[in-house]
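structure for the following, please:
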Amino acid sequence: MLSDTTPRTAPATALRTGLEAAPKLARLLTFRTVSSRVPEEMEPDQFVGFIAALPELFPRVHKELEVERINGLGLLYRWPGSDTSGSDTAGPATADPATGGSRGPVVLMAHYDVVPVEDPQQWDHPPFAGTVTETSICGRGALDDKGALAAVLEAAEQLLAEGFAPQQDLYFSFGNNEETAGDTAAAAADLLARRGIRPWLVLDEGGAVASGAFPFVSAPLAVVGVAEKGILDVELATEDQGGHASTPNRMGATARLARAVVRLDRRPFPAALPDVTVEMIERLSGSAPLLPRLVLGKVRRLRPVLTRVFGLLGGEPNAMTRTTVAVTQLRGSKGSNVLATRATANANIRVAVGSSVESTLAHLRKIIRDPKVSLRVVEGNEPSPVSATDNAQFALLEASIRSSFPDAVPVPYIMLGGTDARRFTNICDAVYRFAPFRMSAADRASIHADNEKIGIETFGEGILFYRTLMGAL
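Here you go, the predicted structure:
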């Protein structure tokens, strides 16, 4: 465990570390490892090339760690622990002074697949060129999530060069399809389960060291995801006899569907502040100016009022309080002068922690109030369990964050999006989501959008974070 005397990261050290490792990440960004549900849009040779480049860039890791392929193109590394007091199946266990118990294996996660690029001409630098400027490393995947993968491997490379070995087994699980199926991460978790391995800690992407993330708070917030909302795609469908558009019937398929969509938009799900969000507000309140601090510090007493305020703020604050529904796709007739015989809409729903897919569907039917609108679950998963914030695992993350980002306030939160980490909740009770990179609002907006990049110093800070974390194991 880290102590208050642990040396803090100096900006010069982070910059130097980032400069030395920048060419490695830049090389990885040149591979077009785009995930798509349409097989024709994928380039398998790019995934193979990415995997082949890793031993060239990180030779010590690939010489000293065990590596196996998962689900074809996924990777699972094992760094054997030096303490052999644990069982052969569960991995080495070391005494944990914070709990008086023992630590088991640790899993650090990332993924190397990326989302498609809509228009390369909108980018300042070609999205797959791996351009390194004076300040940044530019390209699709720099933040999501090749940057984290490269930072993990570079940290391990440096520690190996210094003769370091963790006391307990350390695994790196790198997925190739997080942006689509996520079944590689599920296969990795299943493999560990079959081997009787139950990790002590799992850490994946998710939160970040975010600036401008919360009103009234100027300090950067190191947001650590302790849970994530469920993700549910529901197809709304209506049917009609169709015909020529010159003789439309009232409340045809498209009109009935449109009414259902409008009802969903006008009647959001009930709002509530979950316990995790209350704790987050309590922790960050000390960094707010006096008046907001007085209000935020009484969040438990003012919970109903703050719930309403968050809802009125819209965007992320609103999404933190409720299940959200976004209609993302609409389909009707194929002809401009033909009435639709069938109209459909896709509702992308993020299910609040504490709710369920079944109760969400029931509430959708209640809002739509039309038995002629059918609902079909296209794909969905339940919200993840909530990992604790009062255990040794979270304390270790906090200490590593404070060492690497001394100006940041570590806070727990519920992730609004999904990650591969949810696949590990069946075999680990302490699953967290945190990418150790500083991200401004503009940086966060570039993820899945144009001009994705990571600062060289920011990349260096991430490497040093993983060094600190691994060094504490």
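
CA atoms for contacts and neighbours, from now on please.
Fine.

helices of this protein, start to end?
Shown for the chain, the helices assigned by DSSP state H span residues 11-29, 44-57, 59-64, 146-161, 183-194, 253-266, 275-285, 290-296, 303-313, 315-319, 357-368, 392-404, 441-446, 456-471.

wait, which of those is closest to Glu118?
Glu118 lies closest to helix 441-446 among those, at 12.6 Å (CA to CA).

please state the offset of the closest one from the chain centre?
The gap between the average C-alpha position of helix 441-446 and the chain average comes to 14 Å, counting by CA atoms, centre = their mean, to the nearest Å.

next, the buried residues of stretch 124-132.
Of the residues in stretch 124-132, those with enough neighbours to count as buried (16 or more other CA atoms under 10 Å) are 125-132.

how long is it end to end?
For stretch 124-132, the first and last residues are 12 Å from each other (CA to CA, to the nearest Å).

list of residues touching that stretch?
22-23, 25-32, 117, 120, 137-140, 451-452 (CA atoms under 8 Å, 6 or more residues apart in numbering).

before we move on, the earlier item: single out the most deeply packed of the helices of the chain.
Mean neighbour counts were compared across the helices of the chain using mean count of other CA atoms under 10 Å; the top stretch is helix 456-471, at a mean of 25.

can I get that one in PDB? Just the C-alpha atoms.
Provided in PDB are the C-alpha atoms of helix 456-471 (Å, rounded to 0.1, in the frame of the first residue of the first chain):
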ATOM      1  CA  ILE A 456       2.300  13.300 -24.600                       C
ATOM      2  CA  GLU A 457       2.600  14.400 -20.900                       C
ATOM      3  CA  THR A 458      -0.900  12.900 -20.200                       C
ATOM      4  CA  PHE A 459       0.200   9.600 -21.700                       C
ATOM      5  CA  GLY A 460       3.300   9.700 -19.500                       C
ATOM      6  CA  GLU A 461       1.200  10.300 -16.400                       C
ATOM      7  CA  GLY A 462      -0.800   7.200 -17.300                       C
ATOM      8  CA  ILE A 463       2.300   5.100 -17.600                       C
ATOM      9  CA  LEU A 464       3.500   6.300 -14.200                       C
ATOM     10  CA  PHE A 465       0.100   5.500 -12.700                       C
ATOM     11  CA  TYR A 466       0.300   1.900 -13.800                       C
ATOM     12  CA  ARG A 467       3.900   1.700 -12.600                       C
ATOM     13  CA  THR A 468       2.700   3.000  -9.200                       C
ATOM     14  CA  LEU A 469      -0.200   0.600  -9.100                       C
ATOM     15  CA  MET A 470       1.800  -2.500 -10.200                       C
ATOM     16  CA  GLY A 471       4.600  -1.500  -7.800                       C
END
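
what residues does it touch?
Contacts of helix 456-471 with the rest of the structure, by CA under 8 Å, 6+ apart, involve 9, 11, 13-19, 21-22, 135-137, 147-148, 151-152, 154-156, 159, 164, 166, 396-397, 400-401, 403-404, 435-438.

lowest-confidence helix or strand of this protein?
Among the helical and strand segments of the chain, the one scoring lowest on mean pLDDT, DSSP states H and E is strand 94-95, with a mean of 53.

and Ser35, what pLDDT?
Confidence per residue is given as pLDDT, and for Ser35 that number is 94.

that one against Met42, yeah?
Yes - taking CA atoms under 8 Å as the definition, Ser35 is a contact partner of Met42 at 6.4 Å.

between the two, tell me which one has more neighbours.
Neighbours of Ser35 and Met42, each counted by other CA atoms under 10 Å, are more numerous for Ser35; the result is 23 against 16.

who's in contact with the more buried one?
By CA under 8 Å, 6+ apart, the neighbours of Ser35 are 42, 113-116, 176-177, 179-180.

and with 6 Å instead?
Ser35 makes contact with 113-115, according to CA atoms under 6 Å, 6 or more residues apart in numbering.

about what we covered before: just the ones of the buried residues of stretch 124-132 in strands?
The strands, defined by DSSP state E, take in 131-132 from these.

pick out whichever of the buried residues of stretch 124-132 sits closest to Thr254.
Using CA to CA, Pro127 is the member of the buried residues of stretch 124-132 that sits closest to Thr254, with 38.7 Å.

quick one, phi psi at that closest one?
Geometry field for Pro127 lists phi and psi as phi -60, psi -20, criterion degrees, to the nearest 10.

where in this protein is pLDDT low?
Across the chain, the stretches falling below the confidence threshold (pLDDT under 70) are 1-10, 84-102.

give me every residue that touches the residue nearest the centre of it.
The C-alpha lying nearest the average C-alpha coordinate of the chain belongs to Gly206 (CA atoms, centre = their mean; 3.2 Å). Contacts for Gly206 (CA under 6 Å, 6+ apart) come out as 433-435.

neighbour count and distance to Thr468 for those residues - can I get that in CSV?
Converted to CSV, those look like this (neighbours: other CA atoms under 10 Å; distance: CA to CA, whole Å):
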residue, neighbour count, distance to Thr468
Arg433, 28, 17
Phe434, 21, 14
Ala435, 27, 14
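
so which of those residues are in strands?
With DSSP E as the criterion, strands contain 433-435 from among those.

make TSV out of those residues and add distance to Gly49.
Formatted as TSV, those follow (distance: CA to CA, whole Å):
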residue	distance to Gly49
Arg433	28
Phe434	27
Ala435	25
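
in the sheet, who's paired with Val234?
Beta-bridge partners recorded for Val234 (DSSP bridges): Ala347, Val377.
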